[in-house]
Structures are given as structure tokens and as C-alpha cells.
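> Sharing a sequence plus its predicted fold:
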Amino acid sequence: MNVRMLSANAVFLMLPALLAACSDAPRPPAVSFRIQNVPPVPRTMAQMSREVHINRDFMSPRSRARRAAHSMHPRFITIHSTANPKGDAAAHARALKRGAMGSLNWHFTVDQYRAVQHIPLNETGRHADRGGPGDMYSIGIEMGEVRSHNPIVTWNRSAKLTAVLMKQYHIPLRNVVPHYYWTGKNCPAPLLTNGRPGHKWSWFISRVDYYRRCLETRPAAAF
Ligand SMILES: [Zn+2]
């Protein structure tokens, strides 16, 4: 091996380390899932956003949680589940606005009927890892667990919202992560298997991927 080859190899070997050094955001493992065979139904961003039914109900900028926020360019989406069988999305919005969550906050709560947005998307929340990379780089989505709501509808609405945000911020599918990814917490519990990502999490990711493809498919030309 001559010197030139050696140096080329050295650069090649160092490349992952150099790339890692460029960013302090971690790189999550890829999730394996089965691509859904259903043909995508093309939708525009506006159409899919309407299907998600987003209500903005922001916390006061003077609230304790928002006063501690940093500016953010989202690179991840963190999925949570509320573990609260009583409160719907509007109830979580009220709780956040009256300061009942202390220093905690997140960007959206989703239930069977709507997604309520609590804070702007260019602002960090505090939902993942006490101010660590999960909070500094990710949009936090809480999925409701109201007993009278259909969880599949809530999860699908959350998957659609995730697809819209991925397209808006150019976030890759592998950066859609469960809260578990940041801290090992059993969250979103209904979509984990024995406290870890398994077949239910793969199903959720397959739904996100399906809606992502719906946004990327052009409608067939009319003849
Ligand atoms: Zn969580």
C-alpha cells in the first residue's frame, strides 16, 4: 500500500467520525418495517393538514416553560403517549396554559378528533430528556389515551401529522423516534412491546411512511 492509498483509506475510515463531529444530534438506528402495499392516495400538504385538523391554542409566551425555551430548527419528531385515560387534546391544552405541567411542554397533543398545537415549531419544548438533544432538536407529539376514543384513529391522525411535519422540515423517517429512544422510558407505552420498540412501533412507522408517500405522489393526469 503506497502513501497515497494509505491517506485515502485513513480519510475513508475517519469519515463517520468526521460526520458525527459535524453534528451533536445523535443518529438513531433504522427501524425495519413492512412497506404497506396499499397504493398511496395523493394529497397536497394543505389537504393532509386539513385531515389532521390542527387547532392552535398556544401557551402564553410568559409561561414558565416558554420563558426557558430556545430557538429550534426541528430535526427529529418524538412520539409520546399521554398515559392519561381522562384528558383529551383540549384538556391538555388547558392544563399547559394554566401551568399545571410546571416546566414541561410539548408541541402537539393529538386525540381522535384533532391535533392541538401548544407552542410554535421554531421553539424547543421540554418533553424528552430534560433539555438534552431530544428536547433541543425535536418536535414533541403526545398521543392521547382517552378511554372513550378509538386509539387507532388517534395513532393514524398522529402519523398524518408526523408526515406533514417531515415534509415541512425535511426530516427523514429514521428521525421519527419514540420517547424511548432518548431515555429508555416506556413511552409511547401503547406502541411499545415489553417497553421497547417492536412490531407495534413498526406498524406506526409504516403508517407514517404511507402518509409520507401520499404527500410525495402526484395525482394521475386526467385524460
Ligand atoms: Zn413520553
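Great, that's in hand.

> In terms of helices and strands, where is the most centrally placed residue in the chain?
Centroid-nearest residue in the chain, with CA atoms, centre = their mean: I77, separated by 2.4 Å. For I77, the host element (DSSP states H and E) is strand 76-81.

> near the ion at all, that strand?
Yes: using CB under 5 Å from the ion, strand 76-81 reaches the ion at H80. To be clear about C-beta, it is placed using only N, CA and C from the backbone, and glycine gets the same treatment.

> Which residues of this protein lie near the ion?
Counting by CB under 5 Å from the ion, the chain sits next to the ion at H80, H179, C187.

> I'd like those as TSV, with neighbour count and pLDDT appended.
Below are the residues of the chain next to the ion laid out as TSV (neighbours: other CB atoms under 10 Å; pLDDT from 0 to 100):
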residue	neighbour count	pLDDT
H80	23	98
H179	25	98
C187	25	98
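
> which residues sit against the strand holding I77?
The contact list for strand 76-81 (CB atoms under 8 Å, 6 or more residues apart in numbering) reads 25, 28, 106, 127-128, 134, 137-145, 158, 162, 165-166, 171, 175-179, 181-182, 187-191, 204.

> change it to 7 Å
For strand 76-81, the surrounding residues in contact (CB atoms under 7 Å, 6 or more residues apart in numbering) are 106, 127-128, 134, 137-143, 145, 158, 162, 165-166, 171, 175-179, 182, 187-191.

> Of the residues you listed, which belong to strands?
Counting by DSSP state E, those place S138, I139, G140, I141, E142, M143, V176, V177, P178 in strands.

> Let's have those in CSV, adding pLDDT and neighbour count.
Shown next, in CSV, are those (pLDDT from 0 to 100; neighbours: other CB atoms under 10 Å):
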residue, pLDDT, neighbour count
S138, 98, 30
I139, 98, 28
G140, 98, 26
I141, 98, 25
E142, 98, 29
M143, 98, 26
V176, 98, 27
V177, 98, 22
P178, 98, 24
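
> beta partners of the residue nearest to the centre of the chain?
As for beta bridges, I77 partners with I139, V176 under DSSP bridges.

> what about the helices in this structure?
3-22, 45-52, 64-67, 89-97, 133-137, 151-169, 179-183, 199-216 (DSSP state H).

> What's the separation between I171 and A163?
10 Å (CB to CB, to the nearest Å).

> quick one, which of these two is more surrounded?
A163 (28 against 21; other CB atoms under 10 Å).

> How about the more buried one, nearest residue that isn't a chain neighbour?
Take A163 and drop its neighbours on the chain: the residue closest to it by CB to CB, 6 or more residues apart in numbering is Y211, 3.6 Å away.

> who touches that neighbour in this structure?
If you count contacts by CB under 7 Å, 6+ apart, then Y211 has M48, A159, K160, A163 around it.

> Pretty sure the last one sits against Y210.
Translated: A163. No: taking contacts as CB atoms under 7 Å, A163 lies outside contact range of Y210: 8.2 Å.

> Report pLDDT for the nearest residue to K200 once chain neighbours are set aside.
Spatial nearest neighbour of K200, excluding adjacent residues (CB to CB, 6+ apart): L191 at 4.8 Å. On pLDDT, L191 comes in at 98.

> L191 is in contact with F204, isn't it?
Yes: counting by CB under 7 Å, L191 does reach F204; the two are 5.2 Å apart.

> still on that earlier bit, mind checking how far the residue nearest to K200 is from A30?
In terms of CB to CB, L191 sits 17 Å off from A30.
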